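J.: Predicted structure and sequence below. I'll ask about it afterward.
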Amino acid sequence: MRLLEQVHEACVTKHYSSRTQQSYASWIERFLRFHRDMAADHVESFLTHLAVSRRVSASTQNQALNALVFLFPDVVKKEIGEFNAVRAKCPIRLPTVLSQDEAKDY
């Protein structure tokens, strides 16, 4: 059985939504294109690549992490171990302050 079929079966078994299945399959494909093989120690370099080279947001990196954390123990039956990937930064959101004249318009 192909890997993506195994991912689909594992998602169905865990009652994940179809959108989650699509998202996980997409991230797993990207991971395999990045490394060509499935070694648990490559997870750190892939996540670091997303944060540093691709400059993805923190939520996007978390989505990729969740897909890989699902892949290894649930599909491939390997332990992923610990890793220290560079994490994407959350945006700093400054509050918007209106002047009195601007506030009158609302």
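T.: Everything's here; your move.
J.: May I ask which helix or strand of the protein has the lowest mean pLDDT?
T.: None of the helices or strands of the chain scores lower by mean pLDDT, DSSP states H and E than helix 100-104, at a mean of 79.
J.: Show me what that helix is packed against.
T.: Applying 3 or more Cβ pairs under 8 Å, 6 or more residues apart in numbering; DSSP states H and E, we find helix 100-104 packed against no helix or strand. Using the backbone N, CA and C atoms, a C-beta is placed for each residue, glycine as well.
J.: and it, how far out from the chain's middle?
T.: In this view, helix 100-104 has its centroid 42 Å away from the chain centroid, taken as Cα atoms, centre = their mean, to the nearest Å.
J.: pLDDT score assigned to Phe31?
T.: With respect to pLDDT, Phe31 scores 95.
J.: Mind telling me what element it is part of?
T.: Per DSSP states H and E: Phe31 is located in helix 18-35.
J.: Just give me the neighbour total for Phe83.
T.: The tally of other residues near Phe83 (other Cβ atoms under 10 Å) stands at 16.
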